[in-house]
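Chemist: sequence and predicted structure below; questions after.
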Amino acid sequence: MNPILTASLRRQWRLLGAIAVLAVLVVLHVLWFLPTAERYVRAAKTLGPSAVLDPVNASPLLPPRVFSFVSGNSLPQSVASERSTSGQLTVALIEELSALAGQNGLTITMSEPGAVTPTATMIDVRVHLRVRGGYRQMVAFLDAVQEDGHIYGVERYQIQGGDGDPLQLELWLTRLFLKQPAGRT
């Protein structure tokens, strides 16, 4: 081979490398990207304006954890209104809280149903509890309520007692039930 040509090519190695990379990218474009784009166009024509293929018209999807949280705390509108007027939601809430208190070593001395407030999108169910036990058990109970997976709100609480006697916790709780939009289950 001609030594002058070899020396000239050695000096231009960056240009030759760029040409080689460009050739590889062109081959990948022709062999992989173009057929994939053609399949996408064919699928879009076959399915029509689908939300999966048309991101402009697609409704945003909820992350799985948020979806399971919302679905676990929602009821269909007809069921929600029926259960709220019959008192079933309040009784179920008192039963759940009683079970959590018992699991944490507390004794319920009084449970009183509160007002049920339905709105267009949710239902507030209120209860008033009085429990007796140790401080650790009360903290464990409140922690269990918080980790229960439901939407709770502590409106007010009061702790009384001490000096070796068991503490008494008076607690006003609210649980939210979301109403599912009509037509969805």
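Modeler: Arrived safely.
Chemist: quick one: what helix or strand has the residue nearest the centre of the chain in it?
Modeler: In the chain, the centroid-proximal residue (CA atoms, centre = their mean) is residue 66; its distance is 1.2 Å. If you go by DSSP states H and E, residue 66 is part of helix 64-72.
Chemist: using the record's assignment, carve the protein into domains.
Modeler: According to automatic domain parsing, the chain comprises the domains 3-47, 72-180.
Chemist: which one, of those, ends up nearest to residue 61?
Modeler: With CB to CB as the criterion, residue 61 lies closest to domain 72-180 of those, at 16.6 Å. For the C-beta atoms, the positions are set from N, CA and C on the backbone; glycine is no exception.
Chemist: distance between the ends of that closest one?
Modeler: 11 Å (CA to CA, to the nearest Å).
Chemist: partner strands of the longest strand seen in the chain and their direction?
Modeler: With secondary structure taken from DSSP state E, the chain has its longest strand at strand 167-180. Within its sheet, strand 167-180 is paired with strand 74-76 (parallel), strand 122-133 (antiparallel), strand 151-160 (antiparallel), according to DSSP bridges.
Chemist: state the mean pLDDT of that strand.
Modeler: The average of the pLDDT scores along strand 167-180 is 92.
Chemist: buried set for it?
Modeler: Residues 167-169, 171-180 are the ones in strand 167-180 that count as buried (16 or more other CB atoms under 10 Å).
Chemist: what about that strand, distance to the chain center?
Modeler: 20 Å (CA atoms, centre = their mean, to the nearest Å).
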